[in-house]
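Engineer: Here is the input, now give the coordinates:
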Amino acid sequence: MSKHIKKIGIINRSILPDVEENETGLIKLVSAEEQWLSQKGQDAALTGLFKELLKDNRFQSVQILDSVPKGLLKFDSGQDSISWPSIDKICQAYNVDAIFSMSYFDAETTFSIKKTSMLQPNLMRVKVKVPAQEITLETLIENGWKIYYPKSKEIIDEFVFNDQIVSKGKGANPLEAYRAIEGRKDSLVEQSMSTGSNYGLRLLPFENSVNRVYFARGSNNLDLADKLLENGDWLGASQLWVMELDSPNPRVAGRACYNMAVMNEINGNLKKATEWASRSHSDYDNKKALKYLGVLKNRTTQDQVLEQQVSRY
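Structural biologist: Next up is the predicted model:
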C-alpha cells in the first residue's frame, strides 16, 4: 500500500441476481433465498471490510460510498474494471485517495434430495422411525475485491474469496426438509462478513516470528556462548564464535560460521548472513548450512520484491 493512501472509499459494484418468474416450488424458494443472501451478504462483506480498515492506523478516514451514481460503477467497455475517469470522479467527489471495490458477489446454491428415515413421535408420543426425505444444500460464495489507485492508474490489488457452506434437513417431503434446516441464513451472512473482514486483514501489516537454531556444542567457546545467549548477550556470544572461526577442528569452525550467519540475519544483514552460511557449507561441508542458505535466499527474494513494490509509489 502506498504511504500516500490515507483516505479510503469503499464501493459495491456487484449486481444482484435475478429471480426467474417461471420458477416454482422448492427451486423458487432456493432462488429467493439466494436473492436475499446476495443482498445481505454484500452488506455484510462491506461491513466486514469497513470494520477492519478502521483499525488500520495508516488510514485517516474510511467510508462506505453508498450513494455513488450507478453510471460511474459500470465496467469500462471490453474490460472487467471501472474506467479511470469514473474512478477519478468518485475520488474527487468523496475526497478519497483510493477505492476499495467489491467487484462481484455470487452465491450459487445446488441441492440434492435422497430418501432416508427419521424419528418422529406417534400418537402414543413414542418416537418411531418413519420414511423421510433429506435435502442437502451446497452454497458456493464467491467474493471478488479490487483496489483502484488513481494517482498511478493502477489496480494495486485484486483478490477472490471462495467459501462453501453445506446445510442439511429432513422432513416428510422436500419442502418440509428444506424448512427444517436451522441457522443457514445466519451462517451464510456470517461467512460473507468474514470474506470482507479477511480481505481487510490481508492488507494489514503484521509481524511474523520465525525460529532459528544455532550450534551450542562442540567446543568450550560454543558452550560458553550458549550460556551468554540465555541472558540475551548476542555481542558476547558472537565474540566467542569469532574466536572459533579459525579452529583447527573443521567441524567447530563450520559451526561458528553458521552461528555468525544467524547473528547477521538477526541484525538484518541478509547479505552477510548468506556469505557466512555459504562459507560454512562450502569450506566445512556443514549440511545444515545448505538448508539455511535456501531460507536466506528466499528471504532475500522477498525483500527484493517488497522493495520493488514500495519504490513504485
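Engineer: Give me the mean pLDDT for the helix or strand containing residue 304.
Structural biologist: Per DSSP states H and E, residue 304 falls inside helix 287-311. Regarding helix 287-311, the rounded mean pLDDT is 85.
Engineer: For it, what is the distance to the chain centroid?
Structural biologist: Averaging C-alpha positions (C-alpha atoms, centre = their mean, to the nearest Å) puts helix 287-311 22 Å from its chain's average.
Engineer: in the sheet, who's paired with residue 141?
Structural biologist: Note on residue 141: beta-bridge partners by DSSP bridges are residue 107, residue 163.
Engineer: hang on, it packs against residue 194?
Structural biologist: No. Residue 141 lies out of contact with residue 194 (C-beta atoms under 8 Å); the separation is 9.6 Å. Backbone N, C-alpha and C define where each C-beta goes, glycine included.
Engineer: and the closest residue to residue 64 other than its chain neighbours, which of the three is it?
Structural biologist: Leaving aside its sequence neighbours, residue 64 sits nearest to residue 10 (C-beta to C-beta, 6 or more residues apart in numbering; 4.8 Å). At residue 10, secondary structure determined by DSSP: H, G, I helix; E, B strand; the rest coil is strand.
Engineer: who's residue 10 bridged to?
Structural biologist: Taking DSSP bridges as the rule, residue 10 bridges to residue 64, residue 100.
Engineer: tell me, how many neighbours does it end up with?
Structural biologist: 23 (other C-beta atoms under 10 Å).
Engineer: Residue 109 versus that one, what's the distance?
Structural biologist: Taking C-beta to C-beta, to the nearest Å as the measure, residue 10 falls 27 Å from residue 109.
Engineer: Residue 263 now?
Structural biologist: Applying C-beta to C-beta to residue 263 and residue 109 gives a distance of 57 Å.
Engineer: where are the low-confidence patches of this protein?
Structural biologist: 17-24, 77-78, 309-313 (pLDDT under 70).
Engineer: that older thread, residues touching the residue nearest to residue 64, list them.
Structural biologist: 46, 49-50, 53, 62-65, 99-102 (C-beta atoms under 8 Å, 6 or more residues apart in numbering).
Engineer: domains in this structure, as residue ranges please.
Structural biologist: 7-105+144-162+185-203, 220-311 (automatic domain parsing).
Engineer: Please convert these to TSV, extending it with distance to residue 133.
Structural biologist: Formatted as TSV, these follow (distance: least, C-beta to C-beta, whole Å):
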stretch	distance to residue 133
domain 7-105+144-162+185-203	11
domain 220-311	54
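Engineer: nearest to residue 129, of those?
Structural biologist: The minimum distance between residue 129 and those falls on domain 7-105+144-162+185-203, with 24.4 Å, by C-beta to C-beta.
Engineer: Counting neighbours, show which residues of the helix or strand hosting residue 157 come out buried.
Structural biologist: Using DSSP H and E, residue 157 falls within strand 154-171. Buried positions in strand 154-171, judged by neighbour count with 16 or more other C-beta atoms under 10 Å: 155-157, 161, 163, 165, 167, 169-171.
Engineer: and if you look at stretch 115-129?
Structural biologist: residue 118.
Engineer: sec struct for residue 68, please.
Structural biologist: coil.
Engineer: Report the contact partners of it.
Structural biologist: 11, 90, 93-94.
Engineer: After the strand holding residue 157, which helix or strand is next? Please name it.
Structural biologist: Taking DSSP H and E, what comes next after strand 154-171 is helix 174-179.
Engineer: who does that following helix touch, helix- and strand-wise?
Structural biologist: helix 25-54, strand 127-149, strand 154-171 (3 or more C-beta pairs under 8 Å, 6 or more residues apart in numbering; DSSP states H and E).
Engineer: for the residue of the chain most remote from its centre, helix, strand, or coil?
Structural biologist: In terms of distance from the mean C-alpha position of the chain, residue 124 ranks first, at 54.6 Å (C-alpha atoms, centre = their mean). Three-state call for residue 124 (three-state DSSP): coil.
Engineer: rewinding a little: including distance to residue 273, could the helices and strands packed on helix 174-179 go into CSV?
Structural biologist: CSV is the format used below for these (distance: least, C-beta to C-beta, whole Å):
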stretch, distance to residue 273
helix 25-54, 35
strand 127-149, 34
strand 154-171, 31
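Engineer: can you tell me how far residue 185 sits from residue 41?
Structural biologist: For residue 185, the distance to residue 41 - C-beta to C-beta - is 10 Å.
Engineer: try residue 88
Structural biologist: Taking C-beta to C-beta, one finds residue 88 at 29 Å from residue 41.
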